[in-house]
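Student: Provided below for reference: sequence and predicted model.
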Amino acid sequence: MKATRADTRSALLQATGLHVILFALMFAGLHWTRTNVAEAAQGDVIEADLIDPSALSAAMRSALQRDPEAQPQPQPAQEVVAEDLPPEPLPEPMPDEPVPPAPVEDPDPIDQDRVQRDADSMEVAKVDREQDAKRRQQEQVVLDAQNRDKQLVEIRRQREQAARERTQAEMRAQQLADARSAAADAAGANAPSSRPPGSPTGRTSQSASYQVALMTAILRQWTRPESVEIGQVCQVLIRQIPGGEVVDVQVAPSCPYDELGRRSVEAAIMKASPLPYAGFEDVFVRDPVLKFRAEDL
């Protein structure tokens, strides 16, 4: 596009106007600066006289030609004031303050609730497991005690059965011996060399029967304590009068029974009074020594 003369003239006028504006701004700036300097320089007026150097003396001209000595730098007003005033005391050191812990961010309320519920569930489950374990342990203890009681009952029953069988066997043997003795006595009564009724053999057999009768009568009145084992033998001295009435009972010091067992034997003998007498008049003894054997009838 070809520029016309009118365009050239317009461009020159614009450039000229721009330069005029710039010069006006510069002039305004200088004027503002001079005004500030004049206001800042307020104070006493300094007077000076102009002197021709040729009119001065040789000494003054020599002094002017020498280099000026370095003037001491003026100290800041703050330092001068500091020299005039007394030194301020140093600040006391402050005690070390504990560093506050870093703030802990609150967990998510939803997660916290879930964690609390899980913890509660685990605690409840733990308590339930402990209770189940204790209950099973108690049940096992009860079962063990029941089994132990059953075993003790069975052992006691077996011992009692054995004692009864032994007692019955002894009684049958004694009866058999008595029957044989009686048969022998009856057979010998017709023989020329038969023994008289009061022979030692007949008295021994009758004494044995008398001991068995006493023992049976006392066992019927006796309750065996748990501390006395079946088969234990205790020697007892019985004092009685004709007719079988018991006057006194003394347990031998060598008796293996405890105090409860000894008292139970004494009570059973007194309760069995009067003891068997009829039929045993020939072998009756006022102070018989009985070997009491612990048995259950």
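Tutor: Noted; the coordinates are in hand.
Student: Which residue, other than its chain neighbours, is closest to residue 289?
Tutor: Closest residue to residue 289 apart from its sequence neighbours, by C-beta to C-beta, 6 or more residues apart in numbering: residue 237 at 5.6 Å. To be clear about C-beta, it is placed using only N, CA and C from the backbone, and glycine gets the same treatment.
Student: So what touches the one helix or strand that neighbour maps to?
Tutor: Assigned by DSSP states H and E, residue 237 belongs to strand 233-241. Counting by C-beta atoms under 8 Å, 6 or more residues apart in numbering, the neighbours of strand 233-241 from elsewhere in the structure are 214, 246-252, 254-257, 261-262, 265-266, 269, 273-275, 286-294.
Student: swap the cut-off to 10 Å and go again
Tutor: With C-beta atoms under 10 Å, 6 or more residues apart in numbering as the test, strand 233-241 has contacts from 214, 218, 228, 246-257, 261-262, 265-266, 268-270, 272-275, 277, 284-294.
Student: In a helix, residue 250, correct?
Tutor: No: Residue 250 is assigned strand when assessed by DSSP: H, G, I helix; E, B strand; the rest coil, not a helix.
Student: so how far is residue 162 from it?
Tutor: According to C-beta to C-beta, to the nearest Å, residue 250 and residue 162 sit 30 Å apart.
Student: Low-confidence ranges, the stretch 151-297 of the chain, go.
Tutor: 163-164, 167-203, 297 (pLDDT under 70).
Student: same thing but 90
Tutor: Filtered on pLDDT under 90, the stretch 151-297 of the chain yields the residue ranges 151-211, 278-283, 285, 295-297.
Student: Break down it into its helices, ranges please.
Tutor: Assigned by DSSP state H, counting those that start in this stretch, the helices in the stretch 151-297 of the chain fall at 200-220, 259-272.
Student: closest to residue 152 out of those?
Tutor: Counting by C-beta to C-beta, residue 152 lies closest to helix 259-272 out of the helices of the stretch 151-297 of the chain; the figure is 18.1 Å.
Student: what angle sits between the closest one and strand 233-241?
Tutor: Orientation note: helix 259-272 sits at an angle of 30 degrees relative to strand 233-241 (axes from the mean of the first three to the mean of the last three C-alpha atoms, to 10 degrees).
Student: who's in contact with helix 259-272?
Tutor: Residues from elsewhere that reach helix 259-272 (C-beta under 10 Å, 6+ apart): 214, 216-229, 232, 234, 236, 238, 240, 244, 246-252, 255-258, 275, 290, 292, 294.
Student: go on, stretch 150-159?
Tutor: Identification of contacts with stretch 150-159 by C-beta under 10 Å, 6+ apart yields 224, 226, 229-231, 294-296.
Student: now those residues as CSV including distance to residue 124 and neighbour count?
Tutor: What follows is the contacts of stretch 150-159, written out as CSV (distance: C-beta to C-beta, whole Å; neighbours: other C-beta atoms under 10 Å):
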residue, distance to residue 124, neighbour count
224, 54, 21
226, 47, 9
229, 53, 12
230, 55, 17
231, 58, 12
294, 57, 22
295, 60, 21
296, 55, 16
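Student: Restricted to strands, list those residues.
Tutor: Assignment to strands by DSSP state E places none of the contacts of stretch 150-159 there.
Student: so which of the residues you listed comes closest to residue 59?
Tutor: Residue 59 lies nearest to residue 226 out of the contacts of stretch 150-159, by C-beta to C-beta, at 148.6 Å.
Student: contacting residues around that closest one?
Tutor: 152, 156, 260-261.
Student: And it, how far from residue 261?
Tutor: Plainly put, residue 226 is 10 Å away from residue 261 if you go by C-beta to C-beta.
Student: do the same with residue 28
Tutor: Using C-beta to C-beta, one obtains 140 Å as the distance from residue 28 to residue 261.
Student: So between the two, which is more surrounded?
Tutor: For the pair residue 28 and residue 261, the greater number of neighbours falls to residue 261 (21 against 10), based on other C-beta atoms under 10 Å.
Student: any idea of the pLDDT on residue 117?
Tutor: As predicted, residue 117 sits at a pLDDT of 74.
Student: correction: residue 55
Tutor: At residue 55, the predicted lDDT confidence score is 67.
Student: can you check the one 10 residues further on too?
Tutor: At residue 65, the pLDDT value in this model is 70.
Student: for the one 10 residues further on, same thing?
Tutor: With respect to pLDDT, residue 75 has a value of 60.
Student: do the same with the one 5 residues further on
Tutor: Model confidence at residue 80, expressed as pLDDT, equals 44.
Student: Repeat that for residue 52.
Tutor: 66.
Student: for the one 10 residues further on, same thing?
Tutor: Looking at residue 62, its pLDDT stands at 74.
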